[in-house]
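In: Pasting the sequence and the predicted coordinates here, then a few questions.
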Amino acid sequence: HSHKNIVPFLRGAEGMLPVAVLGTGRRSLVAFLFTSSPDHSNNNLFIDRSFSFWGSGKHLSWINTGSPLKHKSPIFLWHSSSTTHVGAMCLKSSLISEGGAVGAGDATVGTNALKKAADSSLTIIRGLSPASYSKRKLFLLICLFCILAGSLVFALLYSYHQGFRRTVQFWKGMGPIVAEHRFLKYKAKYYDRCEEDGDEYKSRMKSFNQRAAPKIVDLIQSLGGIYIKIGQVMSTLGQGLLPEEYVKALRPLQDGVPPRNIAQISQIIEKSTGKKMEEIFSSFDEEPVGSASIAQAHRATLRALDGSASGEEVIVKVQYPEVEQMFDADLNNLEIVTKLFVPENRELVKALRERHENELDFRIEADNLRECTQNMQVHGVEPSLVRIPRVMNETGICTQHVLVMEYLRGTSLAEAIEQEQNRIANALGKKDGEELRSILAKRMREHFENGGGAGSGGMELLGGKKAKFAQAVGPLAARMLRSYAGVKERFENMTTRAHNVGAILVRGVTGGIVRPEHRPINRQGKASTAHINLGRVLKTLVHVHGLQMLKDGVYNADPHPGNIVVMEDGKLGLLDYGMVGRLSAESRETVAKTVVALSRKDKKEAARLYRDAGYKATSWDGEIIDDGILHRFATFHLDKIDLSPVTLENGEEADIIRLLRSVRERAVPVWVEEARRLGGLLMGVSAQAARPISLAKEWEAIATTSLRNSKEKRRRVGS
């Protein structure tokens, strides 16, 4: 039944030499054995017998080749009356010279040749099953071997290669989500015949988004590192672009991620500084004031040089120990993907790696804080409009993994935006702030589809009678509505305080028999931000970063709302200077020219600047060279979010969403990547606060001044 039964049988035939076990059909097997002549009078071997298994009528016949054979090797042919299959056995050509040749009708071959053939045939017999060992089973064996080898390689890579392990973890979480999304879209479109604009399709996608968004955030938090950065950026850029379910789920990443415990943090500080915690700080808050993708920050009080408590409050930023390896692994993966698919962008990835490596050295961040403070002071905006925290390194405690800096007291911009929307929702009679934010996301999308850009204070996006009045009257009414919302909140807090005072008096008079309900002063349990003028705050934020990019070439590349605090005196606190972008004088000039061209709606100039810089992208019909499309890309990067149809050079209109889905960027100049990241974040923050902007309009004056200064500088150098 198998080779295990055949081999012993053949070995048991004394004096016989097995040559081959060969199949002639699915159910038949023939074994040919050779033996010497009975008297051993010559050195020739004769066919002694043949054995048939699961078949009958097996006959040996010889090929009529003539004598001697001119082929490379003698060939035996046989056939079966029960099948139409024909089998063959070939001896190696090296055996022919030793044993002669086989002629027509000759049934002998050389002794030495057959002995060698017999010796080698034993290996063949042991390696084969019966005739059922077909190509199919050989293929299955090869597949099994590949699976086992692949599993071993996978296990080794997963155990010892962090980049591979993080890639697997990412797709383990994202794979099912992507597959479900594709399946739902396919089923809705081709099986249920749902229209993409129909209510049924939108309902299904909304239900899917509600399930998928929390899973994606959990995955981002479990992976940490660069994925947190991506989540923070998308929560800011996604307003009006991504489904609201994702923006809402990602928004908490702006304020931080789950922190580490105090024991871990203390260990990192002591190991990095070489000092005990009590030697450095007279007090250290166990609860962090914030936790981000690479570090978390604690409020503390420094000790003076003489060991006494200085009473100076500081923020201590402590880097997580595993972050460096995680970032390195993630960037290695990005480099591999870039090298394989878009090798033209290797310089871009190289710049990204350099930026992130600098971010992981807090000594570089300390230098960035000092440099940007000096630059802002030259422009006269620090400390009059903004504050950048001072580095506190009197005792030499700032290291690669620990940064101590001035504590700027205030409310995060993310919280200020959220509270303002809660107040407006209350003033408009909405259920809560989330209901308002859902409405805003829809209105923002409509605003972008109508061309985007600056609105009249953002209130035209809200809907309702009061908002329509605000839209009709303009920005003044928008400010009045916000003022009304703030006054209403303060009035409610005042009546709540009065109620609580009365409740205390009643409990005292009745001896605690009557216990009126105690009402909280603030529904969110947070300090009121009604006094904050968000419009002015956002204008300052946009203006300051325009100065940094266009005039200094050194700027905060990560100004998401969690990195900005609104101080009690209305100034902006710019906290995080770990991720700092740098542009050469030539790149700054190109950015400035692009800003001016966009502000003046000069499509040809904006397209020329991108084309000359080496920006390349392709779509379904080849490389994109149309000025209208290149201008729209530049608009996305440095002006506004415009989702209206794009007008091509030939006068036709194209759906920008459909076009964007087919676009593949082949080469992106570094200055384009740097500018669009900062520009996108600033436009996103403004949209999140329901105050969409035209960044090019906001930056035009700065860009014009910068170009004029560059021209004068070249003239002075030339003279």
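Out: Structure received.

In: going forward, measure contacts between C-alpha atoms and count neighbours the same way
Out: Fine.

In: In this structure V596 contacts T705, no?
Out: No. Between V596 and T705 there is no contact, the gap being 10.7 Å when judged by CA atoms under 8 Å.

In: which of the two has more neighbours?
Out: V596 (22 against 14; other CA atoms under 10 Å).

In: Quick check: closest non-adjacent residue to the more buried one.
Out: Using CA to CA, 6 or more residues apart in numbering and skipping residues adjacent in sequence, the residue nearest V596 is E700, 5.6 Å away.

In: The one you found: what's it in contact with?
Out: Contact analysis of E700 by CA atoms under 8 Å, 6 or more residues apart in numbering lists V595, V596, S599.

In: So L682 lies in a strand, does it not?
Out: No. With DSSP: H, G, I helix; E, B strand; the rest coil as the criterion, L682 is assigned helix and is not in a strand.

In: Without its sequence neighbours, what residue ends up closest to it?
Out: V542 (6.5 Å).

In: count of neighbours near that neighbour?
Out: Neighbour count for V542, taken as other CA under 10 Å: 23.

In: Now do it against V685, distance only.
Out: Remark: distance between V542 and V685 (CA to CA, to the nearest Å) = 10 Å.

In: rewinding a little: tell me which element the residue nearest to V596 is part of?
Out: Element membership for E700, per DSSP states H and E: helix 695-718.

In: swap in L250?
Out: helix 244-250.

In: In PDB, list the C-alpha atoms belonging to that helix.
Out: Extracted C-alpha coordinates of helix 244-250, given in PDB (Å, rounded to 0.1, in the frame of the first residue of the first chain):
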ATOM      1  CA  GLU A 244     -17.300  63.100  13.000                       C
ATOM      2  CA  GLU A 245     -17.200  59.700  14.800                       C
ATOM      3  CA  TYR A 246     -13.400  59.500  14.200                       C
ATOM      4  CA  VAL A 247     -12.700  63.200  15.000                       C
ATOM      5  CA  LYS A 248     -14.600  62.800  18.300                       C
ATOM      6  CA  ALA A 249     -12.800  59.600  19.200                       C
ATOM      7  CA  LEU A 250      -9.400  61.000  18.400                       C
END
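
In: helices or strands up against it?
Out: When contacts are defined as 3 or more CA pairs under 8 Å, 6 or more residues apart in numbering; DSSP states H and E, helix 244-250 packs onto helix 199-223, helix 226-237.

In: Determine which stretch of those helices is the most buried.
Out: Across the helices and strands packed on helix 244-250, averaging neighbours per residue (mean count of other CA atoms under 10 Å) puts helix 226-237 on top, at a mean of 22.

In: Check what contacts it and list those residues.
Out: Applying CA under 8 Å, 6+ apart, the contact partners of helix 226-237 are 217, 220-221, 246-248, 250-251, 253-254, 292-293, 326-327, 330, 560-561, 680-681, 683-685, 688.

In: before we move on, what about stretch 156-164?
Out: With contacts defined as CA under 8 Å, 6+ apart, stretch 156-164 is touched by R165, Q325, M326, A329, D330, N332, N333.

In: any idea which of these has the most stuff around it?
Out: Using other CA under 10 Å as the neighbour test, the contacts of stretch 156-164 are led by A329, with 21 neighbours.

In: For that one, which residues are in contact?
Out: When contacts are counted by CA under 8 Å, 6+ apart, A329 touches Q162, G163, F164, R166.

In: repeat that for 10 Å
Out: By CA atoms under 10 Å, 6 or more residues apart in numbering, the residues touching A329 are H161, Q162, G163, F164, R165, R166, T167, G225, I226, V323, E335.

In: Which helix or which strand is home to it?
Out: helix 323-341.

In: Let's test this: mean pLDDT of the very next helix or strand once past that helix, rounded?
Out: As assigned by DSSP H and E, the chain's next helix or strand after helix 323-341 is helix 346-359. For helix 346-359, mean pLDDT is 79.

In: circling back: between the contacts of A329, which is nearest G453?
Out: Lowest distance from G453 to the contacts of A329 (CA to CA) belongs to I226, with 30.4 Å.

In: mind checking pLDDT for the closest one?
Out: pLDDT, I226: 79.
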